[in-house]
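# model this:
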Amino acid sequence: MRIIIQSTSDWGRLLFDDLNGTNANGIRIRSVLTSGWFTGKYIDYALDVGRKLPWQDQAYNQTIVRHGDLMSFYKGLLDFRYSEVYADVVFDIDLSMPQIYVWLMSGGNGTTTFEINNLANGGTIWRDIIVGNGVSQQVRRVMSPQPFFHPARSESVVVAAWLSVALVVVIFLNFPILEFLVYKIKKRRHRGRSNRTGSEDAIER
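Residues are numbered from 1 along each chain as shown. Purely as a prediction, here's the structure:
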């Protein structure tokens, strides 16, 4: 899958974990293939993608460090220039759960768009937006696990297999089998008669 974050906010984070870092939300990052900036990269900007990475949270007016599977960028305070980052990752998804969820986090007054795309067919699996209100936001988003898989591809394989079987059956039924068998039998009988006639001629001589 490809994660894309487009933002004019100071910073943004997509957390594939629960707030306690236990992956009880049904989706986690198995591995990161590649990541980078499509546009808007400056020397002091930072991009982090991975498993159980540290991130800062506020609880009871105190800053605490949590850990989770995440993708985050940081541009700096009051930096509202447009940036677009990406990461190609492999997910582990719990299909036994009817719904899974992620956390969208952002700061500042900009707008941040989060996307998850299917690299195999280029389709967008999920997309959401946070509009900044001047303070840090943490918003939980719930989704179905089914779009992360490829039911359409499986169905197409089954359809192709059935079409192949049907094609073979049609060819088999249209082939003149009975006529071919009758021809073979007549040909064998004709050979047998020819052999007997030849033997009788040889005896008479």
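# Give me the nearest residue to residue 132, chain neighbours excluded.
Leaving aside its chain neighbours, residue 132 sits nearest to residue 109 (4.4 Å; criterion: CB to CB, 6 or more residues apart in numbering). Any C-beta I mention is one placed from the backbone N, CA and C, and that applies to glycine too.
# same check, this time on residue 112
Distance criterion CB to CB, 6+ apart; nearest residue to residue 112, sequence neighbours excluded, is residue 7 at 4.0 Å.
# quick revisit: how about the contacts made by the residue nearest to residue 132?
Residues near residue 109 by CB atoms under 8 Å, 6 or more residues apart in numbering: 9, 80, 132-134.
# Phi, psi for residue 146 please.
Dihedral angles phi and psi of residue 146 (degrees, to the nearest 10) take the values phi -60, psi -40.
# so the residue nearest to residue 112 makes contact with residue 107?
No - applying CB atoms under 8 Å, one finds residue 7 not in contact with residue 107, separated by 10.1 Å.
# ok, the two, which is more surrounded?
The neighbour comparison of residue 7 against residue 107 (other CB atoms under 10 Å) goes to residue 7, with 26 against 21.
# Let me know the pLDDT of the more buried one.
Listed pLDDT for residue 7 reads 95.
# What's opposite it in the beta bridge?
Note on residue 7: beta-bridge partners residue 83, residue 112, judged by DSSP bridges.
# Next, the contact list for it, please.
Going by CB under 8 Å, 6+ apart, residue 7 touches 73, 82-84, 106, 110-113.
# coming back round to it: give me the buried entries from the contacts of residue 109.
9, 132 (16 or more other CB atoms under 10 Å).
# Now stretch 64-78: buried residues?
66, 68-75.
# The nearest residue to residue 17 once chain neighbours are set aside is in what secondary structure piece?
The shortest distance from residue 17 to any non-neighbouring residue, by CB to CB, 6+ apart, is to residue 68 (3.5 Å). Counting by DSSP states H and E, the element that carries residue 68 is strand 62-74.
# What helices and strands are in contact with that strand?
strand 2-7, strand 11-15, strand 27-39, strand 46-59, strand 83-93 (3 or more CB pairs under 8 Å, 6 or more residues apart in numbering; DSSP states H and E).
# Run the angle between the first one and strand 11-15 for me.
In this case it means strand 2-7. Inter-element angle recorded for strand 2-7 and strand 11-15: 150 degrees (by axes from the mean of the first three to the mean of the last three CA atoms, to 10 degrees).
# what distance separates strand 2-7 from the centre of its chain?
16 Å (CA atoms, centre = their mean, to the nearest Å).
# how far off strand 27-39 does it point, in degrees?
60 degrees.
# so how far is residue 101 from the residue nearest to residue 112?
Plainly put, residue 7 is 21 Å away from residue 101 if you go by CB to CB, to the nearest Å.
# ditto for residue 38
Look at residue 38 and residue 101: by CB to CB, they are 26 Å apart.
# what does residue 131 give?
From residue 131 over to residue 101 (counting by CB to CB), the distance is 20 Å.
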